[in-house]
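[1] I would like to see how this sequence folds:
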Amino acid sequence: MRYMSSNYRLLSVIFFVYFMAWSFSFSFFPIWLSQEVGLNSAKVGVIFSINSIMALLVMPCYGILQDKLGLQKTLLYFIAFFIMLIGPFVSYVYAPLLQTQFYLAAIFGGAVFSCAFLAGVGTLESYIDKQSRSTNFEFGKARMWGSLGWAMASYFAGLSFNLSPSLNYWLSSIAAVCLMGLLAFVKVAKNQPEIAPSRTFSPVQQLKAFFKIAGLWRLSVFVIGVSCIYAVFDQQFAIYYTSFFDTREQGREFFGYLTSAQVILEAAILYLAVKWVNYMGVKNSLLLSGVLMAIRIYCSGIVNDSISISVLKLLHAIELPLMLIALFKYINMHFEARYSAMIYIIGFQFTTQLMASMLAVAVGVVYDHLGFALAYQYLGLIICVFIVLSFFTLKADAIKTNHEQSI
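    Numbering: from 1, shown residues only. Below is the predicted model of the structure:
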């Protein structure tokens, strides 16, 4: 019990620090690109698209390696190292190159951001999910601290951004130093057969086995039509939000405060989400999270005042915990444990980034031509269609046995 408690506390703090670093770097990333670098919505879309493409290249490697490594921490140290590079990279390489060599900068940036955050977050979440099953604590209660870390960083990110646009990226690097130290104290169980490292390792065979997993397509319909559309919506939402205020500085400051409040609420709901998902069922919880996303996206294109758009932003605090907890439970319920990291990182994170890379530029062009409001209404309606499809394709809840699942 003491071992479990020690790891739970350490992993909760790791979640806190990691998400704090991610928030400092990405809470105001679209605003930084638009208002400081001077890119239009189409070019911002190109940045997000290339980020997603680079993440696509990293995610399969992360997923395969993490399932190979089991509970070893090697890959987490690698991720923390890239986060340490964020401050100097953005200040001395990324920002200057965006002005002179846009596409080269986008590729370099996509590689660094993917290794640190865009692919790294799924790896960290999958690792801690494995730890939670190994040492018997609820993943959602540990993940809650990640939301609190994001909230704390976003509360100050607007103020620090107004002081110096590059300051937030240096704060990410400082957080990564703390992350390195924390990882050293995490204990690794050696007696858990289903999550121990594999003795044989062939990436090609692993990928072939992954794509043959029965029932993976059922989950992909939900991921493509709901999670991916939401990811595209969220990419440039900060730019749209600041347009409801008299000045950019005021919009940035209030966006930081709002995001902090939203993520604090999200953390509280993460703590309760396990009970809600158990009560409603895994499939119903996934569908409900999609309905909430559709409502928030569609209504964001209708409201025309800062209070209403802020209230809609807070809905994220309900939809994300429901989806995240239900998703892990769906994976653990319907798939073999040895593929859990690959299914989450490739089946969910990879697919989300794949579709985001395909849609980001097109949606950015739509923003420039039709405006954010009308584009959001279309995106909300598209999600509604996929929620209906997911109702028929997602597999019903079942009690998992020790035998191999067939879906």
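
[2] before we move on, which element is the residue sitting nearest the centre point of the chain in?
    Centroid-nearest residue in the chain: Val121, 6.2 Å away (criterion: C-alpha atoms, centre = their mean). Take DSSP states H and E as the rule and Val121 turns out to sit in helix 120-135.

[3] just checking, what packs against the very next helix or strand once past that helix?
    The helix or strand immediately downstream of helix 120-135 is helix 139-163, counting by DSSP H and E. In terms of contacts (3 or more C-beta pairs under 8 Å, 6 or more residues apart in numbering; DSSP states H and E), helix 139-163 is packed against helix 2-26, helix 120-135, helix 167-183, helix 248-280, helix 316-334. Placement of C-beta: from N, CA and C, glycine included.

[4] packing partners of the shortest one?
    For helix 120-135, the contact count by 3+ C-beta pairs under 8 Å, 6+ apart identifies helix 2-26, helix 41-69, helix 74-89, helix 139-163, helix 340-342 as packing neighbours.

[5] what do you get if the cut-off is 6 Å, keeping everything else the same?
    helix 2-26, helix 41-69, helix 139-163 (3 or more C-beta pairs under 6 Å, 6 or more residues apart in numbering; DSSP states H and E).

[6] output those helices as JSON lines; include the columns mean pLDDT.
    Listed next are these as JSON lines, based on pLDDT from 0 to 100:
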{"stretch": "helix 2-26", "mean pLDDT": "83"}
{"stretch": "helix 41-69", "mean pLDDT": "82"}
{"stretch": "helix 139-163", "mean pLDDT": "82"}
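
[7] dump those helices to JSON lines, plus mean neighbour count and distance to Leu33.
    Conversion of the helices and strands packed on helix 120-135 to JSON lines gives the following (neighbours: other C-beta atoms under 10 Å; distance: least, C-beta to C-beta, whole Å):
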{"stretch": "helix 2-26", "mean neighbour count": "22", "distance to Leu33": "11"}
{"stretch": "helix 41-69", "mean neighbour count": "23", "distance to Leu33": "5"}
{"stretch": "helix 139-163", "mean neighbour count": "23", "distance to Leu33": "12"}
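
[8] out of those, which comes closest to Phe78?
    Among these, helix 41-69 comes nearest to Phe78, with 9.1 Å by C-beta to C-beta.

[9] list the helices and strands that closest one packs on?
    If you count contacts as 3+ C-beta pairs under 6 Å, 6+ apart, helix 41-69 packs onto helix 102-113, helix 120-135, helix 340-342, helix 351-370.

[10] residues of the longest one that come out buried?
    With burial defined by 16 or more other C-beta atoms under 10 Å, the residues of helix 351-370 counted as buried are 351-357, 359-361, 363-367.

[11] which of the residues you listed sits closest to Phe89?
    Set against Phe89, the nearest of the buried residues of helix 351-370 by C-beta to C-beta is Gln353 (20.2 Å).

[12] retrieve the pLDDT associated with the closest one.
    Among the per-residue scores, Gln353 shows a pLDDT of 69.

[13] below-threshold pLDDT in the protein: ranges please.
    Scanning the chain for pLDDT under 70 picks out the ranges 1-6, 189-215, 337-342, 344-347, 349-350, 353, 399-407.

[14] which residues touch stretch 92-109?
    37, 47, 50 (C-beta atoms under 6 Å, 6 or more residues apart in numbering).

[15] now tabulate the residues you listed in a markdown table and tack on distance to Gln377.
    Output for those, formatted as a markdown table (distance: C-beta to C-beta, whole Å):
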| residue | distance to Gln377 |
| --- | --- |
| Val37 | 28 |
| Ile47 | 24 |
| Ile50 | 27 |
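
[16] who are the contact partners of the residue lying closest to Met180 once chain neighbours are set aside?
    The shortest distance from Met180 to any residue other than its chain neighbours is 5.0 Å, reached at Ala80 (C-beta to C-beta, 6 or more residues apart in numbering). Counting by C-beta under 6 Å, 6+ apart, Ala80 touches 176, 179-180.

[17] which of those are buried?
    Applying 16+ other C-beta under 10 Å to those flags 176, 179 as buried.

[18] nearest to Arg133 among the contacts of Ala80?
    Closest to Arg133, out of all of the contacts of Ala80 and judged by C-beta to C-beta, is Leu179, at 22.6 Å.

[19] to Ala294, which of the helices and strands packed on helix 41-69 lies closest?
    helix 351-370 (16.0 Å).

[20] so after the closest one, what's the next helix or strand?
    helix 372-393.

[21] tell me which residues in that following helix are buried?
    372, 375-377, 379-380, 382-384, 386-387, 390, 393.

[22] helices or strands up against it?
    Packed next to helix 372-393, using 3+ C-beta pairs under 6 Å, 6+ apart, are helix 216-222, helix 228-235, helix 282-300.

[23] which positions in the following helix or strand past the longest one come out as buried?
    Sequence-wise, the next helix or strand beyond helix 282-300 is helix 306-314, with elements assigned using DSSP H and E. Applying a neighbour-count criterion of 16+ other C-beta under 10 Å, one finds 306, 309-310, 312-313 buried in helix 306-314.

[24] closest to Gly87 out of the residues you listed?
    Lys313 (27.8 Å).

[25] export the buried residues of helix 306-314 to a markdown table and tack on distance to Leu167?
    Formatted as a markdown table, the buried residues of helix 306-314 follow (distance: C-beta to C-beta, whole Å):
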| residue | distance to Leu167 |
| --- | --- |
| Ser306 | 25 |
| Ile309 | 27 |
| Ser310 | 25 |
| Leu312 | 29 |
| Lys313 | 24 |
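
[26] which one of the residues you listed sits closest to Ser147?
    Looking across these and measuring by C-beta to C-beta, the closest to Ser147 is Lys313, at 14.4 Å.

[27] OK, contacts around the closest one?
    258, 262.

[28] same thing with Ala151?
    260, 263-264.

[29] so which of these wins on neighbours?
    Val263 (27 neighbours; other C-beta atoms under 10 Å).
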